[in-house]
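> Make a model of this:
(chains A and B)
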Amino acid sequence: MIKLVYLVPLLPFIGFLLNGIGRNVLSKTLVGIIACGTLLASFIISLMIFFEVRHLQSPAIVTLFEFIQVGKLSIPFSFQVDQLSSLFLLIVTGVGFLIHVYSTSYMNAEQPNHYARYFSYLNLFVFFMLMLVLGANYVIMFIGWEGVGLCSYLLIGYWFKNTEYNNAARKAFIMNRIGDLGFLIGIFWMISAFSSTLFSVVFDRATAGTAVTMITLLLFVGATGKSAQIPLYTWLPDAMAGPTPVSALIHAATMVTAGIYMIARSNVLYSLAPVTQNIVAIIGLATAILAALIALKQNDIKKVLAYSTVSQLGYMFLGLGVGAYVGSVFHVMTHAFFKALLFLAAGSVIHALHHEQDVRKMGGLKKFLPITHLTFLIGCLAIAGIPPFSGFFSKDEILIAAYAANPIYYWIGLGGALLTAFYMFRLYALTFLGTFRSGEATHQNAADSGDHVHESPAAMTVPLAVLAVLAAIGGFLGLPQIFNEKLGTSHYLQHFLSPVVHAENAEPHVAASTEWMVLGVSVILIVASCVLAVNRYKKWESRTEPASGFAKLLANKFYVDEFYDSIIVRPLTSFAKFLSSSVERYAIDGLVNGIGRAVQYGSRQLRWLQSGQVAAYVLLMVISIIILFFVQFFVKK
Amino acid sequence: MPINYYIFLSLTLFCIGIVGVLTRRNAIIIFMCIELMLNAVNLLLVAFSKMHHLQQMALHPSAGIDGQLFVFFIMVVAAAEVSVGLAIIVMLYRNVHSVDVNFLNRLKH
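Next comes the predicted model:
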């Protein structure tokens, strides 16, 4: 089965080709069947591979052909199948499949050709993500890395008639390119230092030193772009311009997890570079807190979820930075479940409310959307980290590792977790509790409020239910050590990933009593935070008074966009304007036109010589001959 | 006779020819002046040739006579040139009823 691994990315690619080429002739049903069918087949193959690699001790490399052969450097086009990649295969294809199914209903109002375009992009997205995950060297990974950037651009700008959406798409693309440049330079450095990009060879040859530190830092720059960390995170909230299932796909199954995957894959290199690890941890922590603070004051349901993704990614980087690679991968997995769930549930709400995304105009949706409500609540419980939902286990694994590395990390991280719980339950309370507020805003007749709100069709609720189950129970794959000691079970994921994450990189451990304390404190505080948020926003009424002070700072996202705008975008634009208005006009045009004008002027002057008077010609000849004589006889050689 | 006399005579003739070409407007006179210049050169060639011949006769009986051969070529070419040139002048006269070269500035256009 492992030999057939190339089918996993190939099938979505075929789906992309079929839907892309036949977008004008295929019916919507057929498009949906192709898109979902190819991905389902990929998922089944991934599942079979997953069960096969469980007992694999060393990674299986499937080489398809020689990709680049320059001098002594050889880069084969090969896939690496091991525990880590097969786990990601499952997440990408599994969650991706559910999102595809959901999309068939969510995007049903689109024109058939746009519907096919949408699904072809979606399939291409999954294809590139699978390439990224499967690549056995950094170059193949980079192909997927670039590809997901391209697809995110295409999907965020899916409604290309809206300029704002196009700008968001461009922002995402450019931000990603900045990071990709770091990744690319990292690969070049790697080639010059280790003369190979193969994972196995690079990990063998790497020794602690400047080269490894710089390479890991450059790769991390790539990760900050793709996984939306400070300073390149601003594209992710803007990426909400795309259709909601796309947001779910970008935020949960693909794209943003690429950075985590890459660092987890390179854990050998990162363990050799403690400087980079510290930077990764600090950046992750800072992002987690910053994004969580911003999320407190956002009013767009998708924006809140976007900032929560940025924040959760920050936790994963914190985990990577403190050496909890398994914990981070675990959190990627649980996050894929509950974030996809939250986004799809939010999509269901948006769908029911006819593309209303402002939570101030929602409220009281509990009775109209029972399934969405229940699944969203599970998602909130999972992300907030309330036991026994999945987020609790993965987040606490990271927090405990952070505590072992540096208790300050833990306390700040716990603060972020409290904020997470608060803004998620604020969102929940504003959306589902209280009374329906849209009536006052959109319909004058108050009696009308809520009557047109209806639960979404089965194609949307079934994926929600599946994801809700996964989000609820996914955490049992990685029980904390203290429970394992009590119950005689084991941390399944850690055991599973042990061949990939090397022994010396195993999770840092703390004493059982400390772990109990840490778990207890976080659970109590998080529950308190949830209760506080629900109580505060349950009876919330729309007010129009402008925010002030810190709240205003939060509502405006710390003015980071404005800051970037003024220090980078505007100087660049004015520099470009200066170039186009001055340098272009006077220097470049002046040079080109000046040459032309000089030739014209010169020839106009020379034209007087051609008077047509024979005598004048002869005179010239005589004068020239006399000059030649002078030159010949009187000028010394 | 020293060679200088020949050179000065030839130079004088040549200058007269040049000045004539430059100043006169009648095509026939210009033509004659050109002939004058050619003949000035011929004279010089013959003079130098004779001088070299006298100096190098001991080495070779026919040394230095190439210049005189050239003169014959020049005379032949000049004759041909005159016939063509006069024919052109006749045609010119038929066209513009003048042999004034200042009327013939149409090459300009």
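
> Show me where chain B has its helices.
For chain B, the helices defined by DSSP state H cover B:3-23, B:27-56, B:66-96.

> All the helices of the stretch 251-400 of chain A, residue numbers only.
Applying DSSP state H, counting those that start in this stretch to the stretch 251-400 of chain A gives helices spanning A:257-265, A:267-271, A:274-295, A:301-321, A:325-352, A:370-384, A:390-405.

> Out of these, flag the one nearest A:Ser498.
helix A:325-352 (8.4 Å; Cβ to Cβ). Where C-beta positions appear, they are placed from N, C-alpha and C, glycine not excepted.

> circling back to that earlier point, distance to chain B and mean pLDDT for the helices of the stretch 251-400 of chain A - can I get that in TSV?
Below are the helices of the stretch 251-400 of chain A laid out as TSV (distance: least, Cβ to the nearest Cβ, whole Å; pLDDT from 0 to 100):
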stretch	distance to chain B	mean pLDDT
helix A:257-265	74	91
helix A:267-271	80	88
helix A:274-295	79	91
helix A:301-321	77	91
helix A:325-352	80	89
helix A:370-384	89	90
helix A:390-405	91	86
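
> Redo those helices as a markdown table? Include mean neighbour count.
Below are the helices of the stretch 251-400 of chain A laid out as a markdown table (neighbours: other Cβ atoms under 10 Å in any protein chain shown):
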| stretch | mean neighbour count |
| --- | --- |
| helix A:257-265 | 26 |
| helix A:267-271 | 22 |
| helix A:274-295 | 22 |
| helix A:301-321 | 28 |
| helix A:325-352 | 28 |
| helix A:370-384 | 24 |
| helix A:390-405 | 27 |
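
> quick one on the thing from earlier: please work out which of the helices of chain B is packed deepest.
Comparing those on average neighbours per residue, with mean count of other Cβ atoms under 10 Å in any protein chain shown, the densest one is helix B:27-56 at a mean of 17.

> leaving aside the residues next to it on the chain, what's closest to B:Tyr6?
B:Ala47 (3.6 Å; Cβ to Cβ, 6 or more residues apart in numbering or on different chains).

> pretty sure the one you found is touching B:Asn4, no?
No. Assessed by Cβ atoms under 8 Å, B:Ala47 is found out of contact with B:Asn4, at 9.9 Å.

> Okay, the residue sitting nearest the centre point of chain A and A:His335: tell me how far apart.
Nearest residue to the geometric centre of chain A (Cα atoms, centre = their mean): A:Val256, 2.7 Å. Counting by Cβ to Cβ, to the nearest Å, the gap from A:Val256 to A:His335 is 9 Å.

> Please identify every residue contacting each of these two.
A:Thr309 (Cβ atoms under 8 Å, 6 or more residues apart in numbering or on different chains).

> Tell me which of the helices of the stretch 251-400 of chain A lies nearest to A:Ile567.
helix A:274-295 (17.5 Å).

> tell me what that closest one is packed against?
Packed against helix A:274-295 by the contact rule (3 or more Cβ pairs under 8 Å, 6 or more residues apart in numbering or on different chains; DSSP states H and E) you find helix A:210-226, helix A:267-271, helix A:301-321, helix A:407-432.

> JSON lines for those helices, including distance to B:Asp66?
Below are the helices and strands packed on helix A:274-295 laid out as JSON lines (distance: least, Cβ to Cβ, whole Å):
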{"stretch": "helix A:210-226", "distance to B:Asp66": "82"}
{"stretch": "helix A:267-271", "distance to B:Asp66": "89"}
{"stretch": "helix A:301-321", "distance to B:Asp66": "98"}
{"stretch": "helix A:407-432", "distance to B:Asp66": "106"}
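
> What strand or helix carries A:Gln80?
strand A:73-81 (DSSP states H and E).

> Just give the nearest non-adjacent residue to the residue nearest the centre of chain B, would you?
In chain B, the C-alpha nearest the mean C-alpha coordinate belongs to B:Leu38, at 1.2 Å (Cα atoms, centre = their mean). In space, and not counting its chain neighbours, B:Leu38 is closest to B:Ala78: 5.2 Å by Cβ to Cβ, 6+ apart.

> correct me, but that neighbour touches B:Leu36?
No. Counting by Cβ under 8 Å, B:Ala78 sits too far from B:Leu36 to count as a contact (10.9 Å).

> Give me the distance between A:Lys28 and A:Thr104.
Distance of A:Lys28 to A:Thr104, computed by Cβ to Cβ: 8 Å.

> Would you mind telling me which of the two has the busier surroundings?
Legend: neighbour count by other Cβ atoms under 10 Å in any protein chain shown for A:Lys28 and A:Thr104, higher for A:Thr104 (21 against 16).
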